[in-house]
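Visitor: Return a 3D structure for these sequence lines:
(one chain, ligands or ions: 1)
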Amino acid sequence: MRRFVYEPACSRVVFGPGVARRELAAECDRLGLQRVLLIATAGELARSGAAPASLGGRLAGRFTAVRTHVPADTAASAAAIAAEVAADGLLCVGGGAATGTAKAVALESGLPIVAVPTTYAGSEVTPVWGLTEGGRKRTGRSAAVLPRTVLYDAELTTGLPAAISAASGMNALAHCVDTLGLPATDPVTALLAIEGVRVLATSLPAVAGNGKDLAARTAALYGAYLAGSAFATAGSGVHHKACHVLGGRFDLPHAATHAVLLPHVAGHLAGANPETMEHVRLALDPSAASAATALHALAGRIGAPLALRDLGLAQADLAEAIREVAEHTGLAQVDASRILRAAWHGATPESAGSPGDAEHLRGRWARP
Ligand code: NAD
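Guide: Here you go, the predicted structure:
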């Protein structure tokens with residue numbers, strides 16, 4: 001086996017339906033928190049209010065002006081409220097936007113975060129922060145922003161609308177596929193990622209069939225946790241870099257952009273790394289022709305968006321998008337063009353790799 005380094009970013013994880021309601025106060029006590037600032041959208045507060053309410057007198061204040069991609073002035077307002085109420089900890093309840101706001105406050109203050117995620121974004125287990133200023137999103141890594149404790153409670157996700165569930169689920173799959181596509185990914189992280197693919201491939205269709213199915217929602221959260229954990233150690237590959245460019249430059253929605261681009265990037269990755277994408281195909285659907293077509297079919301089946309044109313990218317902007325993606329990802333112009341043009345139209349992805357003889361791979365990652 002080749003030399004490798006595995007340095008996980010570790011949060012304490014408490015998993016199970018009802019844990020936010022029942023165990024949040026004890027988890028805050030475990031960290032010695034007595035004055036917690038709650039960060040959540042007003043909608044999330046209305047939906048998940050029972051969990052923060054269980055904190056009783058430990059709840060020092062609320063910040064609800066959460067905005068996606070964490071504008072710098074939003075982060076400054078949240079930090080000011082944290083200081084005003086003399087918070088000794090942060091509780092974020094919601095999607096990646098709420099988690100990202102808590103991270104922005106923690107980056108400056110060092111306050112510990114307790115996270116209760118309600119989408120499949122995975123930010124709650126990464127040390128990655130992001131801040132938007134002057135139309136540009138800056139990102140970085142810091143141990144200070146990694147939540148100390150994460151409570152995964154599927155009860156809080158049964159109301160997540162089908163379209164958001166589907167796009168967010170594809171975002172989680174993108175963490176796995178991008179991680180596996182990186183040549184330097186260590187074998188432990190690869191295991192997390194491939195298991196994440198397998199769990200998400202079965203749970204997301206079940207969630208799409210019945211969003212109230214607690215077992216399916218629990219499995220999808222587990223897949224998102226595995227995906228986020230893999231992404232936390234491996235970092236961004238070509239897929240995330242491309243989505244970052246499209247989101248930042250053309251203001252496209254985060255999870256939906258991941259959903260559209262992923263099958264096409266997987267088709268490209270199969271050319272450079274056919275064996276890895278073969279593992280992905282096996283984990284997704286052994287009867288599919290390729291990982292790319294399996295991802296495209298899954299996205300269609302669960303109701304995720306399939307075309308960049310449906311997300312608001314104008315055809316007139318396509319040439320510039322291709323140039324920018326090529327410049328910031330290291331993709332050849334011709335590859336960026338093939339990926340983005342197919343993604344814009346919502347075409348079935350090309351697959352550079354062929355399924356080949358998969359039997360020799362089964363022992364390593366695929367369950368018998
Ligand atoms: P989001 O937080 O904006 O949530 C998406 C939508 O779902 C929002 O309208 C929200 O109000 C709604 N929602 C959330 N939970 C709900 C529930 N239980 N019921 C009903 N509606 C609910 O989006 P997201 O996709 O979760 O996160 C995207 C953000 O997270 C982006 O800013 C992205 O850059 C960031 N992100 C960061 C990392 C990281 O490691 N730092 C990883 C992934 C995403």
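Visitor: which one's the longest helix in this structure?
Guide: Identified as the longest helix of the chain according to DSSP state H is helix 187-209.
Visitor: quick one, helices of this structure?
Guide: Using DSSP H, helices in the chain cover 19-30, 42-48, 50-53, 72-84, 96-109, 162-181, 187-209, 214-234, 238-250, 254-272, 274-284, 291-302, 318-329, 333-345.
Visitor: List the buried residues for the helix or strand bottoming out on mean pLDDT in the chain?
Guide: Least confident helix or strand, the chain: strand 136-141 with a mean of 86, by mean pLDDT, DSSP states H and E. By neighbour count, with 16 or more other C-beta atoms under 10 Å as the criterion, strand 136-141 contains no buried position. No exception for glycine: its C-beta is placed from N, CA and C like everyone else's.
Visitor: Packing partners of that strand?
Guide: For strand 136-141, the helices and strands in contact under the criterion 3 or more C-beta pairs under 8 Å, 6 or more residues apart in numbering; DSSP states H and E are strand 128-133, helix 238-250.
Visitor: Centre of the chain to the first one, how far?
Guide: Yep, that's strand 128-133 we're talking about. Relative to the mean C-alpha coordinate of its chain, strand 128-133 is positioned 15 Å out (C-alpha atoms, centre = their mean, to the nearest Å).
Visitor: Apart from its neighbours in sequence, what residue is nearest Gly346?
Guide: Closest residue to Gly346 apart from its sequence neighbours, by C-beta to C-beta, 6 or more residues apart in numbering: Ala307 at 3.0 Å.
Visitor: Might one say that that neighbour is in contact with Arg341?
Guide: No - with the criterion set as C-beta atoms under 8 Å, Ala307 and Arg341 do not qualify as a contacting pair; they are 11.1 Å apart.
Visitor: more crowded one of these two?
Guide: More neighbours sit around Arg341 than around the other of Ala307 and Arg341, counting by other C-beta atoms under 10 Å; the figures are 17 against 14.
Visitor: Would you mind confirming that the more buried one is in contact with Leu318?
Guide: Yes - under the criterion of C-beta under 8 Å, Arg341 lies in contact with Leu318, with a separation of 6.9 Å.
Visitor: So which residue is smack in the middle of this protein?
Guide: With distances taken as C-alpha atoms, centre = their mean, the residue of the chain nearest its centroid is Ala121 (2.9 Å).
Visitor: Can you give me the distance of it to Ala40?
Guide: Applying C-beta to C-beta, to the nearest Å, the value for Ala121 to Ala40 is 14 Å.
Visitor: hang on, the earlier thing: for the residue nearest to the centre of the chain, give me the backbone phi and psi.
Guide: As for Ala121, its main-chain torsions (degrees, to the nearest 10) stand at phi -70, psi -30.
Visitor: List the contacts of it.
Guide: In this structure, Ala121 makes contact with 95-96, 99, 168, 171-172, 224, 228, 254-255, judged by C-beta atoms under 8 Å, 6 or more residues apart in numbering.
Visitor: and if you look at Leu261?
Guide: With contact taken as C-beta under 8 Å, 6+ apart, Leu261 is in contact with 174, 239, 242-243, 246, 308, 339, 343.
Visitor: TSV for these, including distance to the ligand and pLDDT?
Guide: Supplementary listing: the contacts of Leu261 in TSV, determined by distance: C-beta to the nearest ligand atom, whole Å; pLDDT from 0 to 100:
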residue	distance to the ligand	pLDDT
Ala174	9	98
His239	12	97
Ala242	14	96
Cys243	9	95
Leu246	12	93
Leu308	17	97
Ile339	20	97
Ala343	18	97
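Visitor: okay, the closest residue to Arg249 other than its chain neighbours: pLDDT?
Guide: The spatial neighbour of Arg249 that comes closest, neighbours along the chain excluded (C-beta to C-beta, 6+ apart), is Glu324 at 5.7 Å. Here, the pLDDT recorded for Glu324 equals 95.
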